[in-house]
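Visitor: sequence first, predicted coordinates after that:
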Amino acid sequence: MEFIDTHTHLSDEAFENGGDDMVRKAIEAGVVMMILPGTSLDEMGAMKSLAARFPENLRMFVGLHPTELTDNPDGAIAVVRRELESCIRYVGVGEIGIDLHEDAAGREKQMRAFDAQCRLALEFGLPINIHCRDGLDETLEVLAGLPETPRGAFHCFGGTADDVERIRRVGDFYFGINGIVTFKNSGLRETLPAIGLERIVLETDAPYLAPTPYRGKRNDSSFIPLIAAQVAQTLGKSVEDVAVVTTASARNLYSLA
Ligand SMILES: [Zn+2]
C-alpha cells in the first residue's frame, strides 16, 4: 500500500537531523510522498534543504501562514512570487488562509494576504492549501471574490457537513483529514460521509495532532496508516481502498509524478 502525506512540517525544529530520520521512517511505513507546506520566509531554507535531500519523496508548497504575517506582508508576498518564478518546482501555494483563533485582530490583513496569494496560485496555475481556523466566513468571502474558480484543499479540516456544502459552492476542493479523526468522540467522523472518500486527502500536520494512540505526543508522517485505518472504518471501506483513492486524489490535485 502506498500513502501520501499532503501536509507535514518535517523540517520543523521538533525533528532532529533536519527531518531526515522521519522521512526514512515514513517511507518504511509506506508513505511514499510527503508535501512540506510553506509557513514563513524564515522556515524556507530548512524546508528546501530537506526537500533537496529526498527528491523522490518530498514536494513543497510555498506560502505565508496567516499567523506568520508581519504588519506589512507585501514584501514577503513578493518573495513568494519570486519563488514561484524561480526554477524550484512548487506543487501548490500554502499554507495560506485565515486564523482568527490565534489572531482575531489581524482579520483585514489576513484576508488581504490570503487574497493576494490565491491570485498568485491562479496566475501560476497551482492549487491552494488552506489553513482555516475560526474564519470560514472570511475564507469563503475571499474565495468567492477571486476572478477564477479556485481549486485545492482545506487542510486540517474539522468542519460539519454544512461547511462542506458551503465550501463546495465556492470552488473545486478536497478535504485534508488528519489525526483529529482518530480522537475519541471526534465529530469529524460524522462529516466524512458528506465529504466522500473521493474528496479526502490524508495528512498528518506533523509535529502537531498525532493520531490515537499517540495523541499529545510528537506526530510524524509514519502515522498516516493510522489515519487511513480510521477513515476506512468510518466509511466502511478497506484500508487498501482508502490508500488507493486518497493517493490518486493527492497525485491528481497536486500533479505529483
Ligand atoms: Zn500546517
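Guide: Alright, I've got the coordinates.

Visitor: what comes up buried for stretch 226-233?
Guide: 226-228, 230-232 (16 or more other CB atoms under 10 Å). Glycine gets a C-beta too; all of them are placed from N, C-alpha and C.

Visitor: only alpha carbons, please: show that stretch as PDB.
Guide: Presented in PDB, the C-alpha positions along stretch 226-233 are these (Å, rounded to 0.1, in the frame of the first residue of the first chain):
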ATOM      1  CA  LEU A 226      -3.400   5.000  11.500                       C
ATOM      2  CA  ILE A 227      -5.400   7.900  10.000                       C
ATOM      3  CA  ALA A 228      -6.200   5.800   6.900                       C
ATOM      4  CA  ALA A 229      -7.500   3.000   9.100                       C
ATOM      5  CA  GLN A 230      -9.900   5.300  10.900                       C
ATOM      6  CA  VAL A 231     -11.200   6.700   7.600                       C
ATOM      7  CA  ALA A 232     -11.700   3.200   6.300                       C
ATOM      8  CA  GLN A 233     -13.500   2.100   9.400                       C
END
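
Visitor: other residues contacting that stretch?
Guide: The contact list for stretch 226-233, computed with CB atoms under 8 Å, 6 or more residues apart in numbering, reads 3, 177-179, 181-182, 189, 192, 197, 200, 202-204, 211-212, 214, 237-239, 241-243, 246.

Visitor: swap in stretch 39-59?
Guide: For stretch 39-59, using CB under 8 Å, 6+ apart, the contacting residues are 9-12, 18-20, 23, 27, 32-36, 38, 60, 62-65, 68, 76, 79, 83, 88-91, 95, 254, 256.

Visitor: would you mind finding the longest helix in the protein?
Guide: helix 107-123 (DSSP state H).

Visitor: so what touches the helix or strand following that one?
Guide: Note on helix 107-123: by DSSP states H and E, the next helix or strand toward the C-terminus is strand 128-133. Where contact means CB under 8 Å, 6+ apart, the residues beyond strand 128-133 that reach it are 6-7, 35, 37, 61, 63, 65-66, 92-102, 117-118, 121, 139, 150-156, 176.

Visitor: okay, now stretch 13-22: how far is its last residue from its first?
Guide: End-to-end distance of stretch 13-22: 12 Å, with CA to CA, to the nearest Å as the criterion.

Visitor: now do it, average pLDDT.
Guide: Computed over stretch 13-22, the mean pLDDT rounds to 95.

Visitor: tell me what the longest helix of the chain is packed against?
Guide: helix 74-85, strand 92-99, strand 128-133, helix 136-144 (3 or more CB pairs under 8 Å, 6 or more residues apart in numbering; DSSP states H and E).
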